[in-house]
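# below are the sequence and a predicted model for it; my questions follow.
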Amino acid sequence: MNARTDPGSGAGGRGRCPVCGRPSDLATRPFCSVRCADVDLGRWLTGQYRVPTAVTDEGTDEAPPAEPDPA
């Protein structure tokens with residue numbers, strides 16, 4: 001083990017690069033290299049990674065119509 005690897009970093013203390021699985025590097029944590037960090041960024045930018053959201057109608061900015069008075 002060299003001084004640049006951190007076995008206790010990363011998800012769950014595993015210290016593994018999320019792209020390739022090698023030990024993470026302190027300088028590029030949680031990745032093992034700049035290359036893996038760039039691969040991850042490219043995946044976000046091309047839409048391979050997505051944060052799920054609820055589907056809503058486009059025109060829901062308006063208040064709902066008032067209900068008629070039963071009197």
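Okay, I see it.
# assumed R43 was part of a helix.
Yes - assessed with DSSP: H, G, I helix; E, B strand; the rest coil, R43 lies in a helix.
# thought it was touching Y49?
Yes - taking contacts as CB atoms under 8 Å, R43 lies within contact range of Y49: 5.2 Å. From N, CA and C alone the C-beta is placed, and that goes for glycine too.
# buried residues, stretch 38-45. List them.
The neighbour-count check on stretch 38-45 (16 or more other CB atoms under 10 Å) flags D40 as buried.
# who's in contact with the helix or strand containing A37?
Taking DSSP states H and E as the definition, A37 sits inside helix 34-45. For helix 34-45, contacts defined as CB atoms under 8 Å, 6 or more residues apart in numbering pick out C17, P18, V19, C20, T28, F31, Y49.
# where does this structure dip in pLDDT?
For the chain, the stretches with pLDDT under 70 are 1-14, 58-65, 71.
# now with 80?
For the chain, the stretches with pLDDT under 80 are 1-14, 56-71.
# where's C36 relative to G42, distance?
C36 sits 11 Å away from G42, going by CB to CB, to the nearest Å.
# and what of A54?
Look at A54 and G42: by CB to CB, they are 27 Å apart.
# do T56 as well
T56 is 29 Å from G42, by CB to CB.
# same check, this time on S24
Distance from S24 to G42, counting by CB to CB: 19 Å.
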